[in-house]
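Visitor: based on what follows, work out the 3D shape:
(chains A and B)
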2 protein chains.
Amino acid sequence: MDRIYLDNNSTTAVDPRVFKAMLADLSGPPGNPSSIHWFGQQAKSRLMAARQTAADFFHAKPDEITFTSCGTESLNLMLRGLKPVGHIITTSIEHSSMHRTIQSLEAQGLSVTYSPVGLWGAPLPDQIESQIRPDTRAIALSASNGETGVRIDIQAIAEIAEKRGVPLLLDCVSYVGKESLPIHPGISAISLSGHKFHAPKGIGLLFHRSSLKISPLLTGGNQEYQLRAGTENLASILGLAEAFSILKENQMAITSQLRDLRLHFENGLKRSLEDIAINGEGPRISNTSNIAFLGVDGETLLMQLDLAGIAASLGSACSSGALEPSRVLIQMGIDKKTVRSSLRFSFARTNNREEVDRAIETIIPIVKKLKK
Amino acid sequence: MDRIYLDNNSTTAVDPRVFKAMLADLSGPPGNPSSIHWFGQQAKSRLMAARQTAADFFHAKPDEITFTSCGTESLNLMLRGLKPVGHIITTSIEHSSMHRTIQSLEAQGLSVTYSPVGLWGAPLPDQIESQIRPDTRAIALSASNGETGVRIDIQAIAEIAEKRGVPLLLDCVSYVGKESLPIHPGISAISLSGHKFHAPKGIGLLFHRSSLKISPLLTGGNQEYQLRAGTENLASILGLAEAFSILKENQMAITSQLRDLRLHFENGLKRSLEDIAINGEGPRISNTSNIAFLGVDGETLLMQLDLAGIAASLGSACSSGALEPSRVLIQMGIDKKTVRSSLRFSFARTNNREEVDRAIETIIPIVKKLKK
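Guide: Prediction:
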């Protein structure tokens, strides 16, 4: 069966150029970047070049880049490493790696304001500003929601953060690779995960300005400017750097391709299906469609689509296994029945129009059958 | 220049079979093991098979295996995750990932006994037993020292741990791959790092018995039985499982090869050089020689060897950059001058006798020249 993968917010295929970049370490001579001999220096110079590429992506200095093992580690380092006391502003629709980590800090005494998002699907700048208190230590938000694709107004919120002197910590896991990222001076830290934009699973990154004091979670060797002990995952770091290089060259074309695929998909469905609705009224990133197929059970639809060779999802892969309907959609105020009828489709540059056409042709009769 | 890499305790080359195992994820279709569609289930079944292979290696159940990003993370999870209060027994010659983590817990109020190791290079079982207190929460030791290769008496210490009901936590980063590992019931947890035995950098593992309660360091998704959030580094996990399979089939032959290379190396040097001494009087694992070239400055020798194409090291790569002489050797009570004349050579199955012969022929004249 010629399967169609429309779940790229869960993970993406490794780009062949990324894979090729990894080979220098994976099938080259051994080398630990901390070793002072020739082999170590080869590894170290590759690591430094990759760090420079990553730093350039954020208009940052190399020591403002920390390579981690995943987006979750980046977020934990960003939030726990800040050792926040006082107050923090976030929303209740963040990814579990942010949501549960903040809940864990809350249980330890941190005061948390969950800014409302409503059917719009993102917190509004004015609201955020009104929630700042004298003891507000950070504003922690995702640049775009992984389930709906709805974007926050990065520019406006970053301006507020800068003006009010409160660090803005951005989870950009679902954003990077879909839209170009404005590096506003009001942004103090950004976490991301390589496997969401065609680097392998197992590599993440934290950018944080040197003005933001962060303590390590893992202690040991002196790697990563003493902020993250452990021998560096060099192969994946080289892959991540290549993924950044590809975005630097092609982000506009990629965004345009992703938006075209998504709009083509949404329009195709809308033409033939009544009673469908896009979850999230706010502006979205290019690649994500969270669609309510009213009157259809989402889980059944997901299974039927899987049997027909189309991969979508009920929400974040990291929440799967849970039988509850999507926390994100519920917290937006969408009624449970609509939530239970919703599926997420997320596109990548590895998809094409022909696949989207086939997906539409497959989905429509299945939805019509299930509605009967 | 045909370089010879004798620093395999820093890192090893990825085995071609390991690399091949990684390709299923690195160049296959995308798949997040948490996704419930076909792509996700392919990834999940690979992950489960790899976890079973790892569990078999430790005669353990799959839920006693936690995949991490490196040995340092495994050790931090083992030690910090235990949330120890009361007392812990360790030594002052542990790798920085253990040493600094315990120091950090000590600063938070944990009482620590540093068991003496002396010129022998490892703590003695009787001594360990005499240091157990009613509030001793754990004995945390490396199975073998990464700098000298000296082994602890695992069997005897595990028996004490079992008899006295104190969890024995073993850092096996420098041990696995060099000797077969006895899984005594007195051992409660084992940490290791894949890149020390021909898996890639960026993958580690913690084995811990279900009786040992450990809390996660990273919160978020439900991966790794809720002990380690974050999308799994599937490619490297597949590689690690293959590295275990290779050891399962070949450990005896590998140990014998490594011991042969090391003895051939040590005997070759001894025949032509007076005033050399092996650091660490206790029995050693197969692959490690820490040699004092008395009257020679180790750093100069290291540089000269590097220029001549031979890679060795002054000690742990994770401590490099530090100008101080090896903490491990100093804490063994070796005088500073001897410490400063010492180099570590560590062999792997990727080395051969011809390389060892060339290394000996290169080292001898350089040492003789430097002694003048």
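
Visitor: assign a three-state SS to A:Gly280, would you?
Guide: Applying DSSP: H, G, I helix; E, B strand; the rest coil to A:Gly280 yields a three-state assignment of coil.

Visitor: that one: what's it in contact with?
Guide: A:Leu119, A:Trp120, A:Gly121, A:Ala122, A:Asn145, A:Thr148, A:Gly149, A:Val150, A:Asn290, A:Met332 (C-beta atoms under 8 Å, 6 or more residues apart in numbering or on different chains). C-beta here means a position set from N, CA and C on the backbone, and glycine is covered the same way.

Visitor: what about 10 Å?
Guide: A:93, A:117, A:119-122, A:144-145, A:147-151, A:288-290, A:328-329, A:332, A:334 (C-beta atoms under 10 Å, 6 or more residues apart in numbering or on different chains).

Visitor: and the longest helix seen in chain A with helix B:234-272, angle?
Guide: Ranked by number of residues, the top helix in chain A under DSSP state H is helix A:234-272. For helix A:234-272 against helix B:234-272, the angle by axes from the mean of the first three to the mean of the last three C-alpha atoms, to 10 degrees is 170 degrees.

Visitor: helices of the stretch 1-150 of chain A, residue ranges please.
Guide: A:16-26, A:38-57, A:71-80, A:96-107, A:125-131 (DSSP state H, counting those that start in this stretch).

Visitor: can you point out the buried residues in the longest one?
Guide: For helix A:38-57, the buried set under the neighbour-count rule, 16 or more other C-beta atoms under 10 Å in any protein chain shown, comprises A:38-40, A:42-44, A:46-47, A:50-51, A:53-55, A:57.

Visitor: still on that earlier bit, make TSV out of the helices of the stretch 1-150 of chain A and add mean pLDDT and distance to chain B.
Guide: Output for the helices of the stretch 1-150 of chain A, formatted as TSV (pLDDT from 0 to 100; distance: least, C-beta to the nearest C-beta, whole Å):
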stretch	mean pLDDT	distance to chain B
helix A:16-26	98	5
helix A:38-57	98	5
helix A:71-80	98	4
helix A:96-107	97	3
helix A:125-131	98	23
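
Visitor: got the domain ranges for chain A?
Guide: A:4-12+A:251-371, A:16-247 (automatic domain parsing).

Visitor: and the stretch 101-250 of chain A, which residues reach chain B?
Guide: Taking C-beta under 10 Å from any C-beta of the partner chain, the part of the stretch 101-250 of chain A that reaches chain B is made up of A:101-105, A:173, A:193, A:195-196, A:198, A:200-204, A:216-223, A:228-237, A:239.

Visitor: any of those buried? List them.
Guide: Looks like these have A:101-103, A:105, A:173, A:193, A:195-196, A:198, A:200-204, A:216-223, A:228-237, A:239 buried, using 16+ other C-beta under 10 Å.

Visitor: contact partners for the residue lying closest to A:Tyr114 once chain neighbours are set aside?
Guide: Of all residues not flanking A:Tyr114 in the chain, A:Ser92 sits nearest, at 4.5 Å (C-beta to C-beta, 6 or more residues apart in numbering or on different chains). By C-beta under 10 Å, 6+ apart, the residues touching A:Ser92 are A:99, A:102-103, A:112, A:114-117, A:123, A:327-328, A:330-332.

Visitor: so which of these is the most crowded?
Guide: A:Val328 (29 neighbours; other C-beta atoms under 10 Å in any protein chain shown).

Visitor: ok, and what's touching whichever strand or helix holds it?
Guide: Per DSSP states H and E: A:Val328 is located in helix A:327-331. Contacting residues not belonging to helix A:327-331 are listed as A:91-96, A:99, A:114, A:116-119, A:121, A:145-148, A:150, A:279-280, A:290, A:292, A:314-316, A:319, A:324, A:334-336, A:338-340, A:342, A:344 [C-beta under 10 Å, 6+ apart].

Visitor: now with 7 Å, please.
Guide: Applying C-beta atoms under 7 Å, 6 or more residues apart in numbering or on different chains, the external contacts of helix A:327-331 come out as A:Ser92, A:Ile93, A:Val117, A:Asn145, A:Glu147, A:Thr148, A:Asn279, A:Gly315, A:Ser319, A:Lys336, A:Val339, A:Ser342.

Visitor: got it, and stretch A:124-142?
Guide: A:79, A:82, A:84-91, A:94-95, A:98, A:102, A:113, A:115-116, A:123, A:152-153, A:156-157, A:160-161, A:164, A:166-171, A:174.
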